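1. predicted coordinates and the sequence they were generated for:
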Amino acid sequence: MLRNLWQRLTAPIDPPLMMLASLLLVYALLVLASASPERLGSQMINMCVALLVMRVVAQVPPQKMMHFALPVFIMGVMLLVAVALFGDISKGARRWLNLGFMRIQPSEIMKIAMPLMLAWYFQKHETYLRLREYAMATLILLLPVALIAKQPDLGTAILVMAAGFFVIFFAGLSWKVIVALVVAAVASAPLAWAMLRDYQRSRILTLIDPESDPLGKGFHIIQSTIAIGSGGIIGKGWGQGTQAQLEFIPERHTDFVFAVLSEELGLIGITVLLVLYALLIGRGLMIAANAPTLFTRLLAGSITLIFFTYAFVNMGMVSGILPVVGVPLPFISYGGTSLVTLFLGIGILMSIHKHRMLVQK
Amino acid sequence: MEFKNPEQELEHFHRRLTSAGSFVLFAFALLFARFVWLQVIQHSYYQTRAEDNRISLVPILPNRGLIIDRNGIVLAHNYSAYTLEITPSKAGDLEKTIDGLEQIIEIQPKDRKRFKKLMDESRNFESLPIRTRLSDEEVAKFIARRYRFPGVDVKARLFRQYPYNESASHLLGYIGRITDHDIEAIEKRDLEDNYRGTEHFGKSGLEQKYEFELHGQTGFEQVEVDSSGRAVRVLSRIAPVAGNNLTLTIDAKLQEVAELAFGSRRGALVAIEPATGGILALVSMPGFDPNLFVDGIDSQSWDALNNSLDKPMINRALNGTYPPGSTFKPFMALAALEIGKRTPAQTIYDPGVYNFGGHVFHDDKKGGHGTVNMYKSIVESCDTYYYMLANDLGIDHISSFMRQFGFGATTGVDIEGESKGVLPSQEWKREHFKRADQQRWFAGETISIGIGQGYNAYTPIQLAQATATLANNGVMYRPHIVKFIADTKSGTSIPIEPKPLRTLRLKPDHIEVIKAAMVGVNKEGTGSRAFAGAGYISAGKTGTAQVYSLKGEKYAEGRVKERLRDHALFIAFAPADQPTIALAVLVENGGFGAQAAAPIARQVLDYYLLGKRPNTPAPADDDDSEED
């Protein structure tokens, strides 16, 4: 009876994914216990919520998800427009929408809504994919990205952009076009530079020479780089990081939690994290490879690569090779919103994997 | 329309997945390389940077060395007190802050003025005292309201204190807040580390001369700090080593007796132990309160000190130069004996005037002293004898003889900025004057040199040194104030060896003649009134230095304004046969040496030799019939 219940409860769950995600969560708690022990409790609650979301989503068959794709996307875009018009301003950016009973960040929805929408779009035009369809997909992608970038929220814009691009990439956009786009992007860099806000520009300048402003804009990068470097191979020991414990690392429980991990657990700790990420991504790509339909393939591949993008951008910025954009370290950073988004993605992957046979029938 | 083959399309998708997977691995490898670079290759660099971040060295100030007199009386020490300090750069509107503080703690206009002066002299990030010596109650009151005053804090500080206030002020000197000029001196000695956190520096007197002995060794606390600079815990501590204590040759009680003897008169007194050169008392009147300078002097007090006609900030003993007047005569007589221009018994006749080159030089005594030998010339202070003698010796002999006694040269006493004075000579005149016709030495100028007037100008300490050298039979010591330095670190004391500077080649017989005549001065001559009934045999010589030249007129004290009156001088040593003390006294505008200066010397000698402590200033003898 009880065993039966357990089986029903865990039926849609993919054990390898579940195990990797769990390991990451345990790791997150370990690091958080050092970086900000007072937040352990609330992060555990965040994790429970995220796991619940994952479990619910894992049960939803992909066909049903397809029905949601267009409405969710349209709602997301509308919310973004609403933000642009009536959003709350905090820290110089208009990112939040106050619904009276709660404040939401519509850009977060786009991280999942975007690949969902594009996958659905390609699925719909499966039989005749030509340049026109790719161009249309690009337009679908650019509208919300532009809205998000204008808030401005460069971190989320990059993630949404990446998510959409991955779908287009997996849909088979020709390499020639990709190369042409990259060339065009590089060529238009000066134009993009002109469009950036002052603080965004200074972040990029800071990246090139953080020591030019050691107490101002360069402070975050300098301090996190010192934290990583001083950690060495084996680290200073859990709870022993001087940079972390003496508050030299800014945002040490959120965006810069990786610096705490690196300082206290060293290169070994980083390697463990990289391996966990690599395995998770590998599993995700495997699920994509075995997915039955174009929609599921594109969705699985894109979501998997979002995990990678999160991880790469965060680690890159904390270690000083990418500009500081507000991207959390996936599964590790404190905070409920990104965790729920990530597990939503995991849930979708699980659903795709569990329902692969059903679809084929 | 192109027909799509599902098989082919799947294969295509799988190739894309492989590309993506490869890209992920490549990107992770790139990151990994970055981490290896930071954590392995650059590890030690970042390790150091992390350590620099968290560890801060906080200086712990050493106790400044004490200054102690020869009998163990402490003349300068330290005490701990709370001060209310403002860091201007953090405080915002200063006026408002001080007004606010005034609601809680008494702040006088004087405190505000001093604070303004400190502000002008310091850098903005320094913490400067607005009030010193807070009571416990005041500290508590402020602490309770501290949150209202950013940039204001109560600090426990060590303060220098001079318990005897004005006594010995010129000799002790004072400390004040460190200036850029002081920092240069510190940098020259490579002592920046040791002066980290030090806020005071010796500005004058012994405090200045022995700054680097007194300062001590700054200790350091290695403190772990967080990113806002707050100390989290102490990692290690190197205790400070207190500065070296100075033990002086000064007898503080004698010093006090001498100062009291002056009363409200201006002047200087230097008393030396002839056998060592150790200074027993070094007085310059009026004095000042060195305690005023410790917290930073307010501008009102500073102006008062600087603008006073009495010039209390000048150390007259070392920087005042005065003609020695008749106190020069014993040395002139000794020169005559040594050079062979006179014998003790040889006499001259003094009609009361001396004519030279058409100019008449008067003797102080109307009608003259009659027949005068060397003894009488000193005891009665006959001017004509020395007019003649000066002419017979000539300026070259006089200056080269006097030079041996240290006249016209710094004595090397351990206080900075001593004046040289003027030992007149042909050479000096050549160098000193610009116009060619003035550069020549006139024989007539030699005449008044003989009675200690003319170009003669010496400091009281030079006169005291010369007297001590005479008392010590020609063995000359460098006058010094510090007897030994007690090294706190090793516990040993480093004595300042009294090494003779030189031994003058003087015949003992000649010295005896002069000494006997100086004993005669106090027994039956110009010093006899002042030394009547003394329980010991002393040797002395009175002197009067002209401030205002009254050509040919008889000097009448009452007719001359006080500031233009003559300076009174007196030199003495005692006991005459085995001198333990030699001194020179100068009373500015005191009139005759016998009247104003000799009684001061008497009180000092009485105390030093007999332990008699007078309660009143030395009386100024008002009988002006005395010759000098």
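-> Okay, I see it.
2. okay, now whichever residue of chain B sits closest to chain A: neighbour count?
-> Of all residues in chain B, B:Y46 sits closest to chain A, at 2.6 Å by C-beta to the nearest C-beta. Just so you know, the C-beta spots here come from the backbone N, C-alpha and C atoms, and that holds for glycine as well. B:Y46: 21 surrounding residues under other C-beta atoms under 10 Å in any protein chain shown.
3. which SS class is the closest residue to A:T225 other than its chain neighbours?
-> In space, and not counting its chain neighbours, A:T225 is closest to A:G320: 4.7 Å by C-beta to C-beta, 6 or more residues apart in numbering or on different chains. What DSSP: H, G, I helix; E, B strand; the rest coil gives for A:G320 is coil.
4. hmm, A:G320 is touching A:A227, no?
-> No: the pair formed by A:G320 and A:A227 falls short of the contact definition of C-beta atoms under 8 Å, at 11.0 Å.
5. more neighbours: which of these two?
-> Under the criterion of other C-beta under 10 Å, the comparison of A:G320 against A:A227 puts A:A227 first, with 32 against 21.
6. for that one, what are its contacts?
-> Applying C-beta atoms under 8 Å, 6 or more residues apart in numbering or on different chains to A:A227 gives the contacts A:G241, A:Q243, A:A244, A:F248, A:I249, A:A259, A:V260, A:S262, A:E263, B:A50.
7. filter those residues down to the ones in helices?
-> A:Q243, A:A244, A:A259, A:V260, A:S262, A:E263, B:A50 (DSSP state H).
8. among these, the buried ones, what's the PyMOL command?
-> Typed into PyMOL, the next command selects the buried ones out of those (criterion: 16 or more other C-beta atoms under 10 Å in any protein chain shown):
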select buried, (chain A and resi 243+244+259+260+262+263) or (chain B and resi 50)
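9. mind saving the C-alpha coords of the helix or strand of chain B with the lowest mean pLDDT as PDB?
-> Across the helices and strands of chain B, mean confidence by mean pLDDT, DSSP states H and E is lowest for helix B:88-91: a mean of 76. Provided in PDB are the C-alpha atoms of helix B:88-91 (Å, rounded to 0.1, in the frame of the first residue of the first chain):
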ATOM      1  CA  PRO B  88      36.600  66.400  10.400                       C
ATOM      2  CA  SER B  89      36.400  64.300   7.200                       C
ATOM      3  CA  LYS B  90      33.700  62.100   8.800                       C
ATOM      4  CA  ALA B  91      31.800  64.700  10.800                       C
END
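10. which parts of the helix or strand following that helix are buried?
-> Next helix or strand after helix B:88-91 toward the C-terminus (DSSP states H and E): helix B:94-102. Buried residues in helix B:94-102, defined by neighbour count with 16+ other C-beta under 10 Å: B:T97, B:I98, B:L101.
11. pLDDT and distance to chain A for these - can I get that in a markdown table?
-> A markdown table is the format used below for the buried residues of helix B:94-102 (pLDDT from 0 to 100; distance: C-beta to the nearest C-beta, whole Å):
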| residue | pLDDT | distance to chain A |
| --- | --- | --- |
| B:T97 | 86 | 26 |
| B:I98 | 88 | 30 |
| B:L101 | 88 | 30 |
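12. and which of these is nearest A:R55?
-> In terms of C-beta to C-beta, no member of those lies closer to A:R55 than B:T97, at 60.9 Å.
13. domain parsing for the chain?
-> Defaulting to chain A. A:15-59+A:197-361, A:61-195 (automatic domain parsing).
14. sorry, should have said chain B
-> Taking automatic domain parsing as the reference, chain B has its domains at B:57-134+B:144-248, B:252-289+B:317-610.
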